[in-house]
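Student: sequence first, predicted model second:
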Amino acid sequence: MSSPSRPKSPHGVAQKKDDKEESFWDKIGTLGRKKKIKEVQEVQEEGKNAIDSPGNPMAPSLPPEEYALEENEERSMVEPKSMEDIKLKALIAVLVDWINDELAEHRMIVQNVDEDLYDGQVLQKLLEKLTGQKLDVPEVTQSEENQKQKLRTVLAYANRVLGLGRTSPARWSVESIHSKTLVSILHLLVSLARQFRAPIRLPENVVVNVVVVTKKDGVLSHRIVAEEITSTYDDLGVRCERDAFDTLFDHAPDKLQVVKKSLVTFVNKQLNKIHLEVTDLDTQFHDGVFLTLLMGMLEGYFVPLHEFFLTPKDFDQKVHNVAFAFELMQDSGLPKPKARPEDIVNLDLKSTLRVLYNLFTKYKHVN
């Protein structure tokens, strides 16, 4: 059915003239609202031209609305082609499965790392599970301001656990996580997985192209940065050479029990003198107290109580204790342990056994 014809305007010619005049005035910017619209359109067009320029063979196809930036503002996102990378997809899948396994008791299910982690709720529960420490943050936050405040607290704790000081160049921030920047979220999760010896195999050498767009003097410019998310690791995400303990764990669990029994006898020979006893190597050295006292007994001196925490209350105090014990070992002439203090605190049994075995090798004849 044809639509009824509209009556012709008696001012048809004048209307065309007005159109021309409006375009002219828009162009020179004397009409405030239309000028603003025009500026946005021009900025969007500049962004599209900069990104689609034929001079760049890797130019990504990105929506211009992603780049409505303020002056001197910078924004980044993963190049769309990189999102199809098999290794990146595998890494995301492994991390999602790991988080869901850790948080199964909370009945929290993560499906999308950038959409589900930005407000700090999942990260809070994950850190609490990994460290065994309760964070003093509200359980539910609705407003953007409250979400960022919670996220700030959660990330500050994560940075401490990861050994990052205030001046350390972290690859994530409150703004980048809350704005759902995938690369920042992946860097954080990979760091946590490695720190806590997650029982997963991280896909190696995952590299993604990141498009970074900057607005300066009203002009958008962009660059593409190759961002390394993972490198080459062993099965638990740490570079190291295999040793006898790897072989025991993998191929001779019966002999491993014999080694553990021998080490228990060795440490108790010293600790029994001060009425302490070890029954479980897997857990009783993780806070650094027995390790510190053991060093004092082996070297024949009293360790001043003000040098360590006799009853450590949190992760940081436990790390301090183990690091202090490591210092005592080095003072006694032993090489610096290959394990990190955090490894012992995180109940990494191989690391604990390696440290104790080094002590056994040097002090086995001490009465």
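Tutor: Everything's here; your move.
Student: contacts for the helix or strand residue 94 falls within?
Tutor: Assigned by DSSP states H and E, residue 94 belongs to helix 86-102. With contacts defined as Cβ atoms under 8 Å, 6 or more residues apart in numbering, helix 86-102 is touched by 82, 108-111, 113, 122, 126, 129-130, 186, 189-190, 193, 198, 200-206, 208, 229-230. C-beta coordinates here come from the backbone N, C-alpha and C atoms, glycine included.
Student: could you do stretch 274-289 as well?
Tutor: For stretch 274-289, the surrounding residues in contact (Cβ under 8 Å, 6+ apart) are 260, 263-264, 267-268, 271, 290-291, 293, 297, 308-312, 317-325, 341, 344-347, 349, 352-353, 355-356.
Student: same thing but 7 Å
Tutor: For stretch 274-289, contacts defined as Cβ atoms under 7 Å, 6 or more residues apart in numbering pick out 260, 263-264, 267-268, 271, 290-291, 293, 308, 310, 312, 318, 321-322, 324-325, 344-345, 347, 349, 352-353.
Student: now do the buried residues in it.
Tutor: Using 16 or more other Cβ atoms under 10 Å as the test for burial, stretch 274-289 gives 276, 278, 281, 284-289.
Student: repeat that for stretch 336-345.
Tutor: Those would be 337, 339-345, for stretch 336-345 by 16+ other Cβ under 10 Å.
Student: in helices only, show me those.
Tutor: 341-345 (DSSP state H).
Student: any regions of the stretch 151-300 of the chain where pLDDT drops low?
Tutor: For the stretch 151-300 of the chain, the stretches flagged by pLDDT under 70 are 165-170, 233-253.
Student: now the helices for it?
Tutor: Secondary structure of the stretch 151-300 of the chain by DSSP state H, counting those that start in this stretch: the helices cover 174-178, 182-195, 244-251, 253-271, 289-299.
Student: thinking again about what came up before, give me the buried subset of the contacts of stretch 274-289.
Tutor: 260, 263-264, 267, 271, 290-291, 293, 308, 312, 318, 321-322, 324-325, 344-345, 349, 352-353.
Student: let me have the ones in helices among the buried residues of stretch 336-345 in JSON lines, adding pLDDT as columns.
Tutor: As requested, those are arranged in JSON lines below (pLDDT from 0 to 100):
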{"residue": "341", "pLDDT": "87"}
{"residue": "342", "pLDDT": "82"}
{"residue": "343", "pLDDT": "81"}
{"residue": "344", "pLDDT": "89"}
{"residue": "345", "pLDDT": "87"}
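Student: want to throw those into TSV with distance to residue 222?
Tutor: What follows is those, written out as TSV (distance: Cβ to Cβ, whole Å):
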residue	distance to residue 222
341	42
342	38
343	41
344	46
345	43
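Student: for these, which one is nearest residue 155?
Tutor: Taking Cβ to Cβ as the measure, residue 155 sits nearest to residue 342 out of these, at 17.6 Å.
Student: contact partners for that closest one?
Tutor: Contacts of residue 342 by Cβ under 7 Å, 6+ apart are 163, 195, 319.
Student: go again with 10 Å.
Tutor: The neighbours of residue 342, taking Cβ atoms under 10 Å, 6 or more residues apart in numbering as the test, are 161-163, 195-197, 315, 318-319, 322-323, 348, 351.
Student: cool, and residue 348?
Tutor: 196-197, 236, 238, 282, 286, 339-340, 342, 354.
Student: re the thing from before, now a ChimeraX select for only the buried ones of the contacts of residue 342.
Tutor: Selecting the buried subset of the contacts of residue 342 in ChimeraX, with 16+ other Cβ under 10 Å as the burial test, is done by:
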select :161,162,195,196,197,315,318,319,322,323,348,351
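Student: any idea how far stretch 258-270 is from the chain center?
Tutor: 37 Å (Cα atoms, centre = their mean, to the nearest Å).
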